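Enquirer: please find the sequence and the predicted model below.
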Amino acid sequence: MTSEPQDQKRTGNSVCNPDCPALPHDAIQEILHNLPGHQVILVCRLVCTEWKSVVDSTAFWRERCRREGFKPLNTYKVPRDWQEFYFLCKKRRNLLKNPNAEDGFTGWKIIENGGDKWVVENIFTPHPDETVTKCFVTSYMRCIKSQLINLKKEGYNPAFMDEIQPDIVISDWYAPRWDCGSVYEIHVELLNRKKKTVQFFQPDPVEFPQWNDQQWEQMTYTFKDYGPGVRFIHFKHGGQDTQLWAGYYGIRVTNSSVEVCPSA
């Protein structure tokens, strides 16, 4: 029977380094709650078996979510994995660059630029989000722009995407001019590493008549259970006016977003 290494000592059911003094369980949790989540996983979890058991516990991550204000969308549904839920909430952000036209067309690739081409204008009808003040405007021939999101570069590694398959939530805001008919369209694809389509969202174009209330409307969609292999997201949208008037009477778009989220 082998004896324990002399540079270690037993504390309860854990084996700790002498440099890690025995602490009450509540004290360990409080220390870990005040450290960055990635440090808790990559460093603190390796300190000893007692710290590992705290880090691996559901209660620890549930409390961390509570403290940082991360709540399930449906309060009657409990996340399958609170640690996974925490990191998805922590990382959640809009993966599209320059969604509100504040920096012109920076971040966007112009695919079609018909009529008098795309332009950026101030919004004419207040947006539900008061911080949105600008929009992209189409002309009298088809105007389409896009962004290609590389999930790995955004911090979502392939194993995570394949095993967890978190929801991918798409949102886009669009509005017509009151005095001109217009068409809005959107096409979003989930692509594999060879940039082949895994799944896509392409609703019928939305048509507005001349003389409308020019209110902002939201297009939303959630990709779920899309299977392994997703590495890129290709977001495309745009449209045109239907009167063929010179200038910028076509559909307006702004406040677009693509987010990787915990499952609803």
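Expert: Perfect, I can see it now.

Enquirer: report the rounded mean pLDDT for the helix or strand where residue 253 lies.
Expert: In the assignment (DSSP states H and E), residue 253 maps to strand 252-261. Averaging pLDDT along strand 252-261 gives 96.

Enquirer: for stretch 122-136, same thing?
Expert: Here the average pLDDT along stretch 122-136 is 96.

Enquirer: would you mind writing the CA trace of that stretch as CSV?
Expert: Taking Å, rounded to 0.1, in the frame of the first residue of the first chain, the C-alpha atoms of stretch 122-136 are listed here in CSV:
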residue,chain,number,x,y,z
ASN,A,122,-31.1,59.3,-41.1
ILE,A,123,-34.3,57.4,-40.2
PHE,A,124,-37.5,59.2,-41.0
THR,A,125,-39.8,57.3,-38.5
PRO,A,126,-38.6,56.7,-34.9
HIS,A,127,-37.2,53.2,-34.4
PRO,A,128,-38.4,51.1,-31.4
ASP,A,129,-34.8,51.3,-30.2
GLU,A,130,-34.2,55.0,-29.6
THR,A,131,-30.4,54.6,-30.1
VAL,A,132,-30.9,53.7,-33.8
THR,A,133,-30.7,56.9,-35.9
LYS,A,134,-29.5,55.7,-39.3
CYS,A,135,-30.5,53.2,-41.9
PHE,A,136,-29.4,51.6,-45.2
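
Enquirer: quick one: buried residues of it?
Expert: 123, 127, 132, 134, 135, 136 (16 or more other CB atoms under 10 Å). Where C-beta positions appear, they are placed from N, C-alpha and C, glycine not excepted.

Enquirer: which residues of the stretch 151-264 of the chain fall in helices?
Expert: 158-164 (DSSP state H, counting those that start in this stretch).

Enquirer: low pLDDT regions in it?
Expert: 264 (pLDDT under 70).

Enquirer: again with the stretch 1-150 of the chain
Expert: Using pLDDT under 70, the stretch 1-150 of the chain drops low at 1-21, 73-77.

Enquirer: is it fair to say residue 26 lies in a helix?
Expert: Yes - remark: residue 26 belongs to a helix, assigned using DSSP: H, G, I helix; E, B strand; the rest coil.

Enquirer: that one: how many residues sit nearby?
Expert: Residue 26 is flanked by 9 other residues according to other CB atoms under 10 Å.

Enquirer: for residue 32, see how far away it is.
Expert: 11 Å (CB to CB, to the nearest Å).

Enquirer: cool, and residue 211?
Expert: 61 Å.

Enquirer: those two: which is more packed in?
Expert: Between residue 211 and residue 32, counted using other CB under 10 Å, the more crowded position is residue 32 (19 against 10).

Enquirer: helix, strand or coil: sort out that one for me.
Expert: Residue 32 ends up helix, using three-state DSSP.

Enquirer: no more questions from me, cheers.
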